[in-house]
Structure formats: structure tokens, C-alpha cells
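Novice: structural data only, the sequence is not supplied:
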């Protein structure tokens, strides 16, 4: 029973300490955009699906109690819609970082986070940018998220003079079975 409670206690501790840690630390919550609607081929900016809209509300509920100072999203509507419930609850507008896949985009997001040193920031990215953003902030090198993986949430705590702490957890509806097996390209 104790092992089952440990991840929940760690998450509760991190989330409860986040407002206090933000006084001398930067707390960054990094998620992938929620599920997107199926649209015509060639549309690279689909809205959220019904499941995605529900996940956006679940994100708001998962971070309840945290006070964000900034939200960083891409210019794709699905990232902004994923953050919308959090932004509306906290009276925020997103800082937009244009989506350019690769190191330049990740560097731009990390630079935007660093402009909020000592604050709490929500970052909404994409399947192949979220792990790279966590790494750029000092976390471990992680594999890209597979297409059906939407439930991952990373809390990165950056405290001056200390190694970054990363808490990886999930929120909202669980990913489907086998979602962590990406098809070969």
C-alpha cells in the first residue's frame, strides 16, 4: 500500500510546495497539447476533439492550487486551447512561441521560460517537443511521445545551485493500452 501511495504523495508535495518554491525557484509544468480533432488531410492546425476539450479541463483540475505567472504555447490552436481552462481560471493570456520543429523551437521555449525566473510557468508543446523542452530545462533526455500519448505532465523545479527536479506523472483520461509503442518511421 505504501508503494502505491508514494507517487501520489510526491506529486502532492511538489504541487503543494510549488507556490513556496517559486519564491526562489522556477516551477515549470510541461504538457503536450490535448487530443486533436480528425480533420481533412493537409490541415496542420486542427482544433481539440471532445476528448481534448475534456483533457484541457482535467489539466486545470490537475494543477488546481498552483498559481501560474505565465503560459507559453505555440501558434497552433490546439496548444492554446489546451491551456485555455487554466488561463481563464487565472486571468492569463498565452505567450506565443512560433512552432518550428527542432532545436531552434526548443531553444526559444527554454529562453521564454528563463524570462520568468522565480515564477511558475505552464508550457504546452507537442509530442516531439515536450521531451526536448524538459531536457533543455535541465531534465533527463526523454523519448518523443507517441501519437496517442496525451496524459503526460512534467513538473520541472529549477532551484539556483541545485540539480533540476523533474516529477513525471499523468492526468486526465489514461492513454490507450499500447500508446507508448511508437510505430517505426
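Specialist: Yep, it's here. None of the values given here were measured: they were computed from a predicted structure.

Novice: for the protein, give me the ranges with low pLDDT.
Specialist: Within the chain, the segments meeting pLDDT under 70 span 1-23, 185.

Novice: all strands of the protein, in order?
Specialist: Ranges of strands in the chain, per DSSP state E, are 26-32, 70-74, 94-97, 120-125, 152-158, 165-170.

Novice: partner strands of the second one and their direction?
Specialist: Looking back up the chat, that one is strand 70-74. Strand 70-74 has the following strand partners under DSSP bridges: strand 94-97 (parallel), strand 120-125 (parallel).

Novice: and the fifth one, by the same measure?
Specialist: When pairs are called by DSSP bridges, strand 152-158 turns out to pair with strand 26-32 (antiparallel), strand 165-170 (antiparallel).

Novice: which residues touch the longest one?
Specialist: Going back to what we said before, that points to strand 26-32. Residues from elsewhere that reach strand 26-32 (C-beta atoms under 8 Å, 6 or more residues apart in numbering): 18, 21, 59, 63, 66, 68, 82, 113-114, 116-127, 130, 133-134, 137, 145, 149-150, 152-158, 171. For the C-beta atoms, the positions are set from N, CA and C on the backbone; glycine is no exception.

Novice: ok, now which ones touch the closest residue to residue 69 other than its chain neighbours?
Specialist: Spatial nearest neighbour of residue 69, chain neighbours left out: residue 119 (3.7 Å); criterion: C-beta to C-beta, 6 or more residues apart in numbering. Going by C-beta under 8 Å, 6+ apart, residue 119 touches 22, 26, 27, 69, 70.

Novice: list just the nearest of those residues to residue 35.
Specialist: Set against residue 35, the nearest of the contacts of residue 119 by C-beta to C-beta is residue 70 (24.4 Å).

Novice: the closest one and residue 143: what is the separation?
Specialist: Separation of residue 70 from residue 143 (C-beta to C-beta, to the nearest Å): 27 Å.

Novice: name the residue in the two with the higher neighbour count.
Specialist: Under the criterion of other C-beta atoms under 10 Å, the comparison of residue 70 against residue 143 puts residue 70 first, with 18 against 9.

Novice: give the bridge partners for that one, please.
Specialist: Bridge pairing for residue 70 - DSSP bridges - gives residue 121.

Novice: what residues does stretch 131-148 touch?
Specialist: Contacts for stretch 131-148 (C-beta under 8 Å, 6+ apart): 28, 30, 32, 103, 106-107, 109-110, 113, 123, 125, 127-128, 130, 152, 154, 156, 158, 163-164, 166, 175-176, 179-183.

Novice: quick one: contacts for residue 54?
Specialist: Applying C-beta under 8 Å, 6+ apart, we find residue 54 in contact with 172, 173.
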